[in-house]
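# Just to be clear, the model below is a prediction. Sequence and coordinates:
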Amino acid sequence: MSARPRLTVDLDALAANHAKLRDLVAPADVAAVVKADGYGLGLAPVARTLFAAGARHFFVADAEEGLALRPILPDATVYVLGGYAHGSEAGFQGTGLRPVLNSLDQAQRFAAAGGGACAVQVDTGMTRLGMEPSDLATLPAGLAIDWLMSHLASADENPVASERQRERFEAARALLPGVKASLANSAGTFLGKAYHCDLDRPGIAIYGGNPTPGHPNPMAPVVELDAVIVQIHALATPAQVGYGATYPAAPGSRIATAAIGYADGLLRCLGNRATALVAGVEVPFAGRVSMDLVGLDVTAVPAAAVAPGDRGTLIWGPDGIDRMAALAETIPYEVLVRLGPRIERHYVGGPAA
């Protein structure tokens, strides 16, 4: 039995989330975005589960991620969101990877190298990746365009801005008649059928994050994070906990030390903010998160109910990653992808081996 932190990944919940989104957007299809090692959950089990659940179109960040995915899912269609970037050309030679062409330069270089199947992205208001819609009129010959794409910048925050992007995207679609289209991300999926086009590209929603902030999470929780308690201090006198002595503990307090820290991806700013579940009781983080450890004030937990070797749970429930993200003043994407290699991944459910 390992003493390291453990991330439990419910692969059945992952598949159920994909199925729920597919039902929501039908007759459009639903892709799977599996960049950053399947959002930190583990590329191979995540990808195999989503393929078994019916996903056939997969999106990764760069050619290296695509090459890692190719032997896992030899029959899937894999798109590289970073496109035909300078230095990545060899990754597309004979591998079946399909670039998302984000500029006229990428399109021209890809065509000059032989062209073939690809997607094309236009910038409709995010100013990140994507060519200008006017560039569509001068695309080179030799491109077999599967999808015209764009990306919504604030689908979870600003429906007016999203509608402006959708209108620009519809204008761009008119320049490539007959080409299928893909616009919606996780939050965009819940903006209505006008955003679904032919293919939705959800990310965080598949992994259990709430794509509808301010409303109950419609997705099933996928992950649970816990860590081993390695020591418990029963205080007879007042004490300060952790670096900087930021948590004063009164006599009679009990402070547990759990073996997880910012080296594992637990955000340092969660010190004195976040909570954990210990023996079914929600308890506060005590003091700053250090590199390998964090304090938990378990005074409210019956002494007989917790001992070294037990585990405290740091992410749990239907809003677990969103709750931690809010406390850290960040987003659930960052919470997941920061979880490092020292955290053991434990998979439950999923397709038969």
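Cool, got the structure. The structure displayed is predicted, hence computed values, not measured ones.
# For the residue nearest to the spatial centre of the chain, which residues are in contact?
Residue closest to the average C-alpha location in the chain (C-alpha atoms, centre = their mean): Y39, at 3.9 Å. Residues counted as contacts of Y39 (C-beta atoms under 8 Å, 6 or more residues apart in numbering) are V33, V46, G203, I204, Y207, Y333, L336, V337. Using the backbone N, CA and C atoms, a C-beta is placed for each residue, glycine as well.
# Out of these, list just those in helices.
V46, Y333, L336, V337 (DSSP state H).
# where in the chain is pLDDT low?
1, 352-353 (pLDDT under 70).
# Domain parsing of it, as residue ranges.
Per the TED database, the structural domains of the chain span 11-207, 223-316.
# Please identify which of those is closest to V348.
Smallest distance to V348 across those (C-beta to C-beta): 6.7 Å, for domain 11-207.
# Quick check: end-to-end length of that closest one?
10 Å (C-alpha to C-alpha, to the nearest Å).
# still on that earlier bit, dump the domains of the chain into a markdown table; add distance to G349 as well.
Output for the domains of the chain, formatted as a markdown table (distance: least, C-beta to C-beta, whole Å):
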| stretch | distance to G349 |
| --- | --- |
| domain 11-207 | 3 |
| domain 223-316 | 13 |
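# Just flag the most distant two among the contacts of Y39.
Once C-beta to C-beta is applied, the contacts of Y39 give V46 and Y333 as the farthest pair, at 14.6 Å.
# sorry, back to before: ok, and the most crowded of the ones in helices among the contacts of Y39?
The most neighbours of any of the ones in helices among the contacts of Y39, using other C-beta atoms under 10 Å, belong to L336, which has 28 neighbours.
# how near is L339 to A76?
From L339 over to A76 the distance is 25 Å, taken as C-beta to C-beta, to the nearest Å.
# Between the two, point out the one with more neighbours.
With neighbours defined as other C-beta under 10 Å, L339 and A76 compare such that L339 has more, 23 against 19.
# wait, doesn't that one sit right on A263?
No - the criterion here is C-beta atoms under 8 Å, and L339 misses it with A263 at 11.2 Å.
# Give me the distance between stretch 203-216 and the centre of its chain.
10 Å (C-alpha atoms, centre = their mean, to the nearest Å).
# how about I343, what does it touch?
R4, P5, R6, L7, L225, I260, D264, G265.
# Wait, a strand at V230?
Yes - with DSSP: H, G, I helix; E, B strand; the rest coil as the criterion, V230 is assigned to a strand.
# my read: it touches P5, true?
No - here V230 lies out of contact with P5, judged by C-beta under 8 Å, at a distance of 11.5 Å.
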